[in-house]
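# next comes the sequence, and after it the predicted model I'd like to discuss.
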Amino acid sequence: MRYAINNDKQRVEVSESGELALCPCCSKPVKGRRGDHRIHHWYHYEGLSSNCDGWYEPMTEWHLKWQNYFPSQNQEVVITKDGEKHIADIKTSTGVILEFQNSSINSNVIRKREKFYGQKLVWIINALPFKKNLLLEQSVLWSKGDPYVYKWNRPRRSWEVSIRPIFLDFGPDWDELFWVKKGMGTRSLEGIYYNKKKFIERNGGDLI
Ligand SMILES: [Zn+2]
């Protein structure tokens, strides 16, 4: 994680390797790690589990870039529900939860996360790794405003169970996100393009 709690109860980023602070989620001690090629982060060093939040995804450049579009107080927000605690990537001032998913994820975890965060959850998926498997299938009758249909080779099936909004990010060269409307995780993916800058600004962020 990027933020931990220091002795003055402030949310802080890692300033030097080996530095100690407390996990905002489980309150156990965490240690800071930084280096030239590693993304600065706090990690749990006590016990066997690498992180108290089983849904936690290791920090990547992609993840960090998305988090940074939003104000720091909206990043890594601890959510408690029915005695369970998880760290949301972003919780906006209007209560929207944005989850940035870089790696593949199984159906069970998708279901659990969607149930936990509820109807205000929106997924942003790094689609760059599977973009090459998407082939545009457009009918001759297509007109402006119609959804785009892609044939998805080797679809990521686990996403079929998802019932929350999903936006695919095709990387820095794309100004648009693909808002999936139908067929997520299947061989026929349907959706519309949505401006990335607009998406970020509507959620209280800024495309830097
Ligand atoms: Zn923890």
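Received, thanks. Small disclaimer: the values here were computed from a predicted structure and weren't measured.
# care to break this protein down by domain?
Using automatic domain parsing, the domain parsing of the chain gives 1-52, 55-202.
# least reliable of those going by mean pLDDT?
Note on the domains of the chain: domain 1-52 shows the lowest mean pLDDT, a mean of 88.
# report the distance from that one to the chain centre.
20 Å (C-alpha atoms, centre = their mean, to the nearest Å).
# ramachandran angles for the residue nearest in space to the middle of the chain?
Central residue of the chain (C-alpha atoms, centre = their mean): residue 100, 0.9 Å from the mean position. The phi and psi values for residue 100, taken as degrees, to the nearest 10, are phi -100, psi 120.
# what helices or strands is the helix ranked longest in the chain leaning on?
Scanning the chain for the longest helix, with DSSP state H as the assignment, gives helix 107-117. Packing partners of helix 107-117 (3 or more C-beta pairs under 8 Å, 6 or more residues apart in numbering; DSSP states H and E): strand 75-81, strand 84-91, strand 97-101. Bear in mind the C-beta positions are built from the backbone N, C-alpha and C, glycine included.
# on that earlier part again, and the domains of the chain as TSV, adding distance to the ion?
Formatted as TSV, the domains of the chain follow (distance: least, C-beta to the ion, whole Å):
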stretch	distance to the ion
domain 1-52	3
domain 55-202	9
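# show me where the protein has its helices.
61-68, 107-117, 196-202.
# and the longest one, how far from the chain's centre?
Centre-to-centre, helix 107-117 and its host chain are 13 Å apart (C-alpha atoms, centre = their mean).
# so for that helix, what gets flagged as buried?
110, 113-114, 116-117 (16 or more other C-beta atoms under 10 Å).
# ok so, going back, just put the helices of the chain in JSON lines and tack on distance to residue 123.
Shown next, in JSON lines, are the helices of the chain (distance: least, C-beta to C-beta, whole Å):
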{"stretch": "helix 61-68", "distance to residue 123": "12"}
{"stretch": "helix 107-117", "distance to residue 123": "9"}
{"stretch": "helix 196-202", "distance to residue 123": "12"}
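# which of the ones you listed sits closest to residue 34?
helix 61-68 (13.1 Å; C-beta to C-beta).
# OK, contacts around the residue nearest to residue 84 when sequence neighbours are not counted?
Spatial nearest neighbour of residue 84, excluding adjacent residues (C-beta to C-beta, 6 or more residues apart in numbering): residue 116 at 6.8 Å. Contacts for residue 116 were tallied using C-beta atoms under 8 Å, 6 or more residues apart in numbering; they are 79, 81, 84, 86.
# thought residue 33 was touching residue 41?
Yes. Taking C-beta atoms under 8 Å as the definition, residue 33 is a contact partner of residue 41 at 6.0 Å.
# identify the contacts common to these two.
residue 14.
# which residue ranges of this structure form strands?
Along the chain, the segments classed as strands by DSSP state E run 4-5, 11-12, 20-22, 29-33, 41-44, 75-81, 84-91, 97-101, 121-126, 134-136, 148-152, 166-169, 176-182, 188-195.
# and the ones you listed: which comes nearest residue 204?
Within the strands of the chain, the stretch nearest residue 204 is strand 84-91; the backing value is 8.8 Å (C-beta to C-beta).
# sorry, back to before: and which of the buried residues of helix 107-117 is nearest residue 157?
residue 110 (10.9 Å).
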